[in-house]
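Enquirer: Sequence first, then the predicted structure:
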Amino acid sequence: MSLFTEPRRFPLDPPRHRGWLEVICGSMFSGKTEELIRRLTRARIARQRVEIFKPALDTRYHAQDVVSHNHTSIRSTPVQLPSEILLLAGGGTDVVGIDEAQFFDESLVDVCRQLADGGTRVIVAGLDMDFRGRPFGPMPALLATAEFVTKVHAVCVCCGELAAYSYRTVPSASQVLLGETEAYEARCRPCFLAGEAAQPLRDPARQGAAGR
Ligand SMILES: Nc1ncnc2c1ncn2[C@@H]1O[C@H](COP(=O)(O)OP(=O)(O)O)[C@@H](O)[C@H]1O
Ligand SMILES: Cc1cn([C@H]2C[C@H](O)[C@@H](COP(=O)(O)O)O2)c(=O)[nH]c1=O
Ligand SMILES: [Zn+2]
């Protein structure tokens with residue numbers, strides 16, 4: 001990963017540090033997992049030692065593999081807590097990949113920091129916003145503390161524009177609801193807002209307002 005770095009020329013520069021944090025974010029279907037798999041595959045080709053983790057609750061496609069909507073996949077270790085990543089990746093891992101980061105708690109931020117401080121390249125992929133368009137889990141803090149941020153976009157299924165929102169098509173107010181195309185659509189801002197306006201009673205805040 002040398003895209004954003006200048007070649008070192010000055011003889012008094014400190015030694016180059018290998019650890020940093022990269023975050024890949026965007027809506028559902030935007031290609032986060034494909035991009036994560038692409039980067040991790042390249043690291044393996046470069047004979048780096050790569051470990052991949054995902055939250056154990058994400059069993060949509062496979063209990064162990066990280067699988068994209070396009071069915072590309074890579075073997076991973078499901079974990080309940082971010083602290084397990086430190087234990088399992090400690091010592092000798094060059095690159096750590098983490099998918100579905102939005103499902104972990106805030107302690108993931110410190111785990112990523114510790115890994116990067118220790119010299120590991122950490123690549124995290126996750127939803128930046130939930131189905132209401134609100135920041136999701138530890139993603140805001142990860143984005144703030146990353147050296148490199150990549151925001152990818154899906155195609156709006158309503159109009160074909162770039163989509164940054166994950167629109168939920170089923171009646172659930174729970175922030176966590178695993179699903180695919182049966183429960184979510186990628187939408188651009190206007191199409192997302194049009195959908196929200198059509199179902200105002202789904203949002204508890206609006207329900208309260210409606211009840212007053
Ligand atoms: N609305 C959409 N926009 C873009 N890609 C889509 C859409 N619906 C399905 N796809 C498929 O999803 C793939 C991306 O999947 P994935 O990497 O798993 O995305 P993410 O992890 O961001 O949900 C695309 O290559 C494409 O085949
Ligand atoms: C928007 C939103 C999504 N989810 C779930 C739905 C999927 O199981 C994952 C996202 O997977 P992807 O690889 O990014 O397509 O998250 C959720 O639980 N809550 C939400 O608000
Ligand atoms: Zn649209």
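Expert: Sure thing, it's come through. Ligands and ions are numbered 1, 2, ... in the order given.
Enquirer: Can you report how many residues lie near the residue nearest to residue 72 when sequence neighbours are not counted?
Expert: Leaving out its chain neighbours, the residue that sits closest to residue 72 by Cβ to Cβ, 6 or more residues apart in numbering is residue 37, at 5.4 Å. Quick note: C-beta positions are derived from backbone N, CA and C, even for glycine. Residue 37: 21 surrounding residues under other Cβ atoms under 10 Å.
Enquirer: Verify the contact between residue 37 and residue 74 for me.
Expert: Yes - counting by Cβ atoms under 8 Å, residue 37 touches residue 74, with 5.0 Å between them.
Enquirer: Which neighbours do the two have in common?
Expert: residue 66 (Cβ atoms under 8 Å, 6 or more residues apart in numbering).
Enquirer: hang on, residue 28 packs against residue 127?
Expert: Yes - taking contacts as Cβ under 8 Å, residue 28 lies within contact range of residue 127: 6.8 Å.
Enquirer: Point to the residue nearest the middle of the chain.
Expert: Closest residue to the average C-alpha location of the chain: residue 126 at 1.2 Å, with Cα atoms, centre = their mean.
Enquirer: what bridges to that one?
Expert: With DSSP bridges as the criterion, residue 126 is bridged to residue 25.
Enquirer: and it, what is it in contact with?
Expert: So residue 126 contacts 23-25, 32, 98-103, 136-137, 139, 142 (Cβ under 8 Å, 6+ apart).
Enquirer: and the next element down the chain from the lengthiest helix in the chain?
Expert: The longest helix of the chain (DSSP state H) is helix 32-45. Later in the chain than helix 32-45, the nearest helix or strand by DSSP states H and E is strand 50-55.
Enquirer: Which residues outside that next one are in contact with it?
Expert: Contact with strand 50-55 is made by 40, 43-44, 66, 74-80, 84-85, 88-89, 93-100, 103-104, as judged by Cβ under 8 Å, 6+ apart.
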